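**Q** Sequence first, predicted model second:
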Amino acid sequence: GGQRNSGDTLFTRNTMSDAETKKIFANIEEIIQINSKFLSELEARLANYTDDQGLADIFIKYSPFFKSYTPYIIGYDEGDYIDFMLLS
């Protein structure tokens with residue numbers, strides 16, 4: 001990005017800095033990979049689903065990876081606020 005005055009804030013500028021963008025989307029590739037694998041297993045199970053099956057084992061298998069969402073969610077909340085400010 002360009003140089004910014006140290007007094008610039010989201011209230012006085014209508015762009016996100018590179019640092020803000022990186023903070024929000026820091027681990028998006030990891031989340032996409034987890035989502036793809038998780039969805040694939042859910043779809044495969046549902047394609048051949050019977051009443052005596054469940055989905056819990058898939059959720060349990062992926063539960064350690066769900067912690068990867070925490071930084072994204074924190075960044076998303078900030079990003080949601082940034083979007084609101086940029087669109088105001």
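**A** It's in.
**Q** Flag the helix or strand of this structure with the lowest per-element mean pLDDT.
**A** helix 69-87 (a mean of 62; mean pLDDT, DSSP states H and E).
**Q** how many other residues sit next to T70?
**A** Neighbour count for T70, taken as other CB atoms under 10 Å: 10. C-betas here are computed from N, CA, C, even on glycine.
**Q** Now do the same contact list for it.
**A** For T70, the contact set (CB atoms under 8 Å, 6 or more residues apart in numbering) is empty.
**Q** Next: K61.
**A** K61 is in contact with E41, counting by CB under 8 Å, 6+ apart.
**Q** low pLDDT regions in this protein?
**A** Applying pLDDT under 70 to the chain flags residues 1-16, 75-88.
**Q** Look up phi and psi at L46.
**A** The phi and psi values for L46, taken as degrees, to the nearest 10, are phi -70, psi -30.
**Q** no no, L55
**A** Torsion angles, degrees, to the nearest 10, at L55: phi -120, psi -10.
**Q** ok, so what distance separates it from S40?
**A** 13 Å (CB to CB, to the nearest Å).
**Q** try N48
**A** Distance of N48 to S40, computed by CB to CB: 13 Å.
**Q** quick one, which of the two is more surrounded?
**A** A direct count of neighbours by other CB under 10 Å for N48 and S40 places S40 higher, at 10 against 7.
**Q** Which of the helices or strands spans that one?
**A** helix 28-47 (DSSP states H and E).
**Q** Can you point out the buried residues in the next helix or strand after that helix?
**A** Next helix or strand after helix 28-47 toward the C-terminus (DSSP H and E): helix 56-62. When burial is assessed from 16 or more other CB atoms under 10 Å, helix 56-62 yields no buried residues.
**Q** Output helix 56-62 as CSV, restricted to C-alpha atoms.
**A** Written as CSV, here are the backbone C-alpha positions of helix 56-62 (Å, rounded to 0.1, in the frame of the first residue of the first chain):
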residue,chain,number,x,y,z
ALA,A,56,-20.5,-37.7,14.8
ASP,A,57,-17.3,-39.7,13.9
ILE,A,58,-16.6,-37.2,11.1
PHE,A,59,-17.0,-34.2,13.4
ILE,A,60,-14.8,-35.9,16.0
LYS,A,61,-12.2,-36.6,13.4
TYR,A,62,-12.0,-33.0,12.3
